[in-house]
Each structure stands twice: as structure tokens, then as C-alpha cells.
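S.K.: Fold the following for me, if possible:
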Amino acid sequence: CDDCQIHSGSAFRANIPAPAAGFRLTRGTPRTYVKTAESGAKRLLAFCGHCGTPLYACAAEAPTAYSLRTGAIRQRHDLGAPKRQIWAKRRRAWVRLPDGVECFDGQP
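M.R.: Prediction:
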């Protein structure tokens, strides 16, 4: 979406979902910012307080899942190709995805 493009400084943001029940930080305490989406939903954006690297996003209250920023994951090279794209209606015209990537105009 437009917000992701602004927050990432890029044409898109690559994420991987993680259920809240199994999510934990192994060290450090991220800095956070609460963003209110167009829908009115409040999203907590977490980033490294030392270098500013985006780490994850989740619901501001009682998250059920975390949206992990793939660039901050050590195993990012093992993740494979994208499986889906959301907010495709706001995709830059020059962005091309591999065949078979499921696309949604908004949040599914």
C-alpha cells in the first residue's frame, strides 16, 4: 500500500506472517510507532532503536499475528519466492512478480 511504500522508502515492503503465539524477540527492545491506517485500525510499527531497521508490524492492541520484515530476518535467503501480493492496485507499473503469485487489490 502507499503507507508501506512510504515507510520502506521503496516500491513495496516484503513481509512474512508469524502467529503471535510463537513470536518472541531473542534480544533487545525495539522502538515503536503507532500508525492509524485509512480504515482506522491502529498498527504498531517496530524498528531497531540503534539503526532504524524496520522489524515488524502488528495490531497495536492484542495482536494475533506479526508481519515480520523479511530484510531483518537472518534466514531471509531461505524464504523462497513471493507467494502473494496485497494492495496490488497500488503497485508501481514497473514492478513484475513471478508467474503464479496470487494478487489482491487490498487486504484479503
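S.K.: where along the chain do the helices fall?
M.R.: Taking DSSP state H as the criterion, the chain carries its helices at 2-8.
S.K.: got any ranges where it has weak pLDDT?
M.R.: By pLDDT under 70, the chain contains no weakly predicted segment.
S.K.: one more time with 90, if that's ok
M.R.: 1-16, 26-27, 37-39, 70-93, 95-100, 103-108 (pLDDT under 90).
S.K.: tell me, what residue is most central in it?
M.R.: Centroid-nearest residue in the chain: residue 15, 4.1 Å away (criterion: C-alpha atoms, centre = their mean).
S.K.: how about the nearest residue to that one, chain neighbours excluded?
M.R.: Excluding its sequence neighbours, the residue lying closest to residue 15 (C-beta to C-beta, 6 or more residues apart in numbering) is residue 67, at 4.4 Å. Glycine gets a C-beta too; all of them are placed from N, C-alpha and C.
S.K.: Run a quick neighbour tally on the one you found.
M.R.: Close neighbours of residue 67, defined as other C-beta atoms under 10 Å, add up to 18.
S.K.: cool, and residue 43?
M.R.: Close neighbours of residue 43, defined as other C-beta under 10 Å, add up to 17.
S.K.: again with the one 4 residues further on
M.R.: Other residues near residue 47 come to 19 when the count uses other C-beta under 10 Å.
S.K.: Specify the beta-bridge partners of it.
M.R.: residue 31, residue 54 (DSSP bridges).
S.K.: which residues does it contact?
M.R.: By C-beta atoms under 8 Å, 6 or more residues apart in numbering, the contact set of residue 47 is 30-33, 53-55.
S.K.: List only buried entries from the residues you listed.
M.R.: Among these, those scoring as buried are 30, 54-55 (criterion: 16 or more other C-beta atoms under 10 Å).
S.K.: wait, isn't residue 36 in contact with residue 45?
M.R.: No: contact criterion C-beta atoms under 8 Å: residue 36 and residue 45 do not qualify, at 11.3 Å.
S.K.: So for the two, which sits in the more crowded spot?
M.R.: The residue with more neighbours, out of residue 36 and residue 45 and counting by other C-beta under 10 Å, is residue 45; that gives 20 against 11.
S.K.: Am I right that that one is in contact with residue 7?
M.R.: Yes: between residue 45 and residue 7 there is a contact under C-beta under 8 Å: 6.7 Å.
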